[in-house]
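Enquirer: 3D, please:
(one chain, ligands or ions: 1)
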Amino acid sequence: MSAKSHGPRLYGRAKGHALKPRQAKLVAELLPTLGLPDQMDIRTDIVPDDTPLWLEIGFGGAEHLIAQAKSNPDVCLIGIEPYLNGVAKALVGVDENGLKNVRLQRGDARLILLGLPDAVLDRVFILYPDPWPKTRHHKRRLIQQDFIAELARVMKPGAQLRFASDIAHYQAWALSHILESGHFKWMARRADDWRTAPADHFPTRYEGKAKRAGRPCVYLDFVRKQRG
Ligand SMILES: C[S@@+](CC[C@H](N)C(=O)[O-])C[C@H]1O[C@@H](n2cnc3c(N)ncnc32)[C@H](O)[C@@H]1O
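Expert: Numbering: from 1, shown residues only. Below is the predicted model of the structure:
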């Protein structure tokens, strides 16, 4: 799927240090075979009808994406990440583990979601999105009402959304914005449901840094409500 030249500005790094030769080869040769096609009919172009489709937005170093793909071989995992070095790490993970159930799309999830059909995703992960702590930068946060509405459109009723963050203000922001949208139900019943990593969670690099720095991480699991 090609990036569009207009639309929301992508903040942060899209490229870092030079790729290692193996990573560059995988970007040149493997990545084109794993991308999402333009104007796709995801169910015929990507996976058979009954394969669950999970999406991770902003997978960073791909630790969680690869771990989920390995432990859920019957699921197709789509990863979206603008940062080339992150995409290259994901490609190494796919290659090393011989994974056939991963799709990778480099780019801005806000634009890529626009190309997905309605009610196609069974699960979405947004783990440690950039927090943009300064008030004047809050508008750059991924979690905004128009983005939540677009997520709700592409998720099936009953699909699960997991949001994790180590930044208290973003935790509260995400919870209030997602509930205000009216599209999602928060599944927590007791404090441990959001204070403790869920049993099917795999830690990310960013999460490791947060924990080493003593920042408590919060895991918010939501379910997409039935359409009204
Ligand atoms: C703080 S990092 C966390 C990475 C990873 N999830 C982790 O926990 O280690 C945030 C990630 O979101 C990605 N990102 C930022 N804006 C994005 C967007 N519009 N669409 C998709 N990914 C985005 C960044 O490139 C970065 O890799």
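
Enquirer: hey, let's count contacts and neighbours off CA atoms from now on
Expert: OK.

Enquirer: the ligand contacts on this structure?
Expert: Residues of the chain found near the ligand (Cα under 6 Å from any ligand atom) are 10, 57-61, 80-83, 108-110, 127-130, 204-207.

Enquirer: can you flag the buried ones in those residues?
Expert: Using 16 or more other Cα atoms under 10 Å as the burial test, the residues of the chain next to the ligand include 57-61, 80-83, 108-110, 127-129, 204, 206-207 as buried.

Enquirer: narrow the residues you listed to those in helices?
Expert: 109, 110, 206, 207 (DSSP state H).

Enquirer: just curious, which of these is nearest to residue 49?
Expert: The closest of these to residue 49 turns out to be residue 109 (Cα to Cα; 23.1 Å).

Enquirer: show me what contacts the closest one?
Expert: Residue 109 sits next to 57, 58, 80, 81 when contact means Cα atoms under 8 Å, 6 or more residues apart in numbering.

Enquirer: among those, which lie within strands?
Expert: Counted as lying in strands by DSSP state E, out of those, are 57, 80, 81.

Enquirer: could you dump those to CSV with pLDDT?
Expert: Compiled in CSV, the ones in strands among the contacts of residue 109 are given as follows (pLDDT from 0 to 100):
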residue, pLDDT
57, 98
80, 97
81, 97
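
Enquirer: from the residues you listed, which single one is nearest residue 19?
Expert: Distances from residue 19 to the ones in strands among the contacts of residue 109, taken by Cα to Cα, are shortest for residue 81, at 15.9 Å.

Enquirer: isn't residue 145 up against residue 179?
Expert: No. Between residue 145 and residue 179 there is no contact under Cα atoms under 8 Å: 10.3 Å.

Enquirer: max-length strand in the protein?
Expert: strand 155-165.

Enquirer: partner strands of that strand, with direction?
Expert: When pairs are called by DSSP bridges, strand 155-165 turns out to pair with strand 121-127 (parallel), strand 218-224 (antiparallel).

Enquirer: tell me the mean pLDDT over the last one?
Expert: Per-residue pLDDT values across strand 218-224 average out to 98.

Enquirer: dump it to PDB, restricted to CA.
Expert: Extracted C-alpha coordinates of strand 218-224, given in PDB (Å, rounded to 0.1, in the frame of the first residue of the first chain):
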ATOM      1  CA  VAL A 218      -0.800   0.000  32.600                       C
ATOM      2  CA  TYR A 219      -2.700  -2.400  30.300                       C
ATOM      3  CA  LEU A 220      -6.100  -1.400  29.100                       C
ATOM      4  CA  ASP A 221      -8.200  -4.100  27.400                       C
ATOM      5  CA  PHE A 222     -11.300  -3.000  25.500                       C
ATOM      6  CA  VAL A 223     -13.900  -4.800  23.500                       C
ATOM      7  CA  ARG A 224     -15.500  -3.300  20.400                       C
END
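
Enquirer: how far off centre is it?
Expert: The chain centre lies 13 Å from the centre of strand 218-224; the measure is Cα atoms, centre = their mean, to the nearest Å.

Enquirer: residues making contact with that strand?
Expert: Contact with strand 218-224 is made by 152, 155-166, 171, 175, 183-188, 193-198, as judged by Cα under 8 Å, 6+ apart.
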